[in-house]
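J.: Sequence first, then the predicted structure:
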Amino acid sequence: MHSSFPLFLLFLFLCSSLPSYGIELTLVNNCKESIWPGFMGGAGHHTPHYGGLHLGNGKEVIVNVPQGWSGRLWPRRGCQFNENGHGECETGDCMGLLHCRGAGGLPPMTVVEMTLGTSKSPLHFYDVSLVNGFNLPVSVVPVGGGIGCGMASCESDLNLCCPASLEVKKEGRVVACKSACMAWNHEKYCCTGNYSTPHTCKPTIFSSVFKVICPRAYSYPYDDSSSLHKCMASKYLITFCPPSPY
């Protein structure tokens, strides 16, 4: 009995040190092309799949994250990587790496932001943001979670109606739509300097176009609270190129 007791304590220690993977993120590629989702954990948080993976047309993958995880993910498109995971993407590129390993994506890109509980609140917060521009439609739908859990999304292809001054083209195709901040780097569009508060930074004609087409997404840094969703689900379905509402 005495000889097995230390082993029992060791077992308890090892189990308690394992991360609690309590939340499933199911990523579905409904696009007509391959995409390469990129991931970046927030400060002090784990980055799943070393920061990136390939997701073929019609494929899905489950990404497990622990309770309290905070971070972002985004679609990369038009990527080509060699056997060592080096190359480039037309949009959302992260330093030419398949596995971003903590590097952020290069705008313009559609971004999913998630904070799945904190030390002060068990609530999950999530949104789809167009603050860094747009490259593909994305939706986030909680599976379960009860009343009040809504869908965050930009379901329409903004590339089809992107103002000419914001277009990003590759071989004649519009592959992304810049934010006004990225295009002109002005305080008014970036919500910086004299426009750095919710009272001074207001919607512009460009962010308003984004908002009309994608009302469930953040269109500029101080967008209304309807763009930020709250829930307590154990699973979230993240779909790239979800069915368009129009």
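T.: Looks like it arrived, so ask away. Residues are numbered from 1 along each chain as shown.

J.: so residue 125 is in which element?
T.: Per DSSP states H and E: residue 125 is located in strand 124-129.

J.: Quick one: residues in contact with that strand.
T.: By CB atoms under 8 Å, 6 or more residues apart in numbering, the surrounding residues in contact with strand 124-129 are 110-117, 138-140, 142, 145, 152-154, 214, 216-218, 227-233, 236. C-beta here means a position set from N, CA and C on the backbone, and glycine is covered the same way.

J.: so how far is residue 156 from residue 212?
T.: Residue 212 is 10 Å from residue 156, where distance means CB to CB, to the nearest Å.

J.: Oops, could you answer that again for residue 185 instead?
T.: Distance, residue 185 to residue 156, by CB to CB: 26 Å.

J.: if you count what's nearby, which of these two comes out ahead?
T.: Each of residue 185 and residue 156 has its neighbours counted (other CB atoms under 10 Å); residue 156 has more, 19 against 10.

J.: contacting residues around the residue nearest to that one when sequence neighbours are not counted?
T.: Among residues not flanking residue 156 along the chain, residue 213 sits closest, at 5.0 Å (CB to CB, 6 or more residues apart in numbering). By CB under 8 Å, 6+ apart, the contact set of residue 213 is 154, 156, 158, 161.

J.: Residue 213 and residue 111, how far apart?
T.: Distance, residue 213 to residue 111, by CB to CB: 17 Å.

J.: residues contacting residue 181?
T.: 131, 189-191.

J.: neighbours around residue 232, how many?
T.: If you count neighbours by other CB under 10 Å, residue 232 ends up with 16.

J.: Which strands and helices lie in contact with the helix or strand in which residue 189 is found?
T.: Using DSSP H and E, residue 189 sits within helix 187-190. Helix 187-190 sits against helix 180-184, with contacts defined as 3 or more CB pairs under 8 Å, 6 or more residues apart in numbering; DSSP states H and E.

J.: what about the helix it packs on, distance to the chain center?
T.: Distance of helix 180-184 from the chain centroid (CA atoms, centre = their mean, to the nearest Å) equals 20 Å.

J.: got the buried residues for it?
T.: 180-183 (16 or more other CB atoms under 10 Å).

J.: now stretch 91-101
T.: So for stretch 91-101, counting by 16+ other CB under 10 Å, buried means 91-94, 97-100.

J.: just curious, which of those is nearest to residue 171?
T.: Residue 171 lies nearest to residue 91 out of the buried residues of stretch 91-101, by CB to CB, at 13.3 Å.

J.: which residues pair with that closest one across the strands?
T.: When assigned by DSSP bridges, residue 91 has beta-bridge partners residue 77.

J.: Tell me how many other residues surround the residue nearest to residue 101 when sequence neighbours are not counted.
T.: Nearest non-adjacent residue to residue 101, counting by CB to CB, 6+ apart: residue 51, 4.8 Å away. Using other CB under 10 Å, residue 51 has 23 other residues around it.

J.: these two touch, right, residue 51 and residue 36?
T.: No: the criterion here is CB atoms under 8 Å, and residue 51 misses it with residue 36 at 10.6 Å.

J.: tell me the contacts of residue 189?
T.: Listed by CB under 8 Å, 6+ apart, the contact partners of residue 189 are 179-181, 183, 204, 206, 220.

J.: Could I get the full set of strands for the protein?
T.: Applying DSSP state E to the chain gives strands spanning 23-29, 38-41, 60-65, 70-74, 80-81, 87-88, 111-116, 124-129, 138-143, 152-154, 167-170, 173-177, 229-231, 235-240.

J.: Out of the ones you listed, which is closest to residue 200?
T.: strand 124-129 (20.3 Å).

J.: how big is the angle separating the closest one from strand 70-74?
T.: 30 degrees (axes from the mean of the first three to the mean of the last three CA atoms, to 10 degrees).

J.: Just checking the distance from strand 124-129 to the centre of its chain.
T.: 8 Å.
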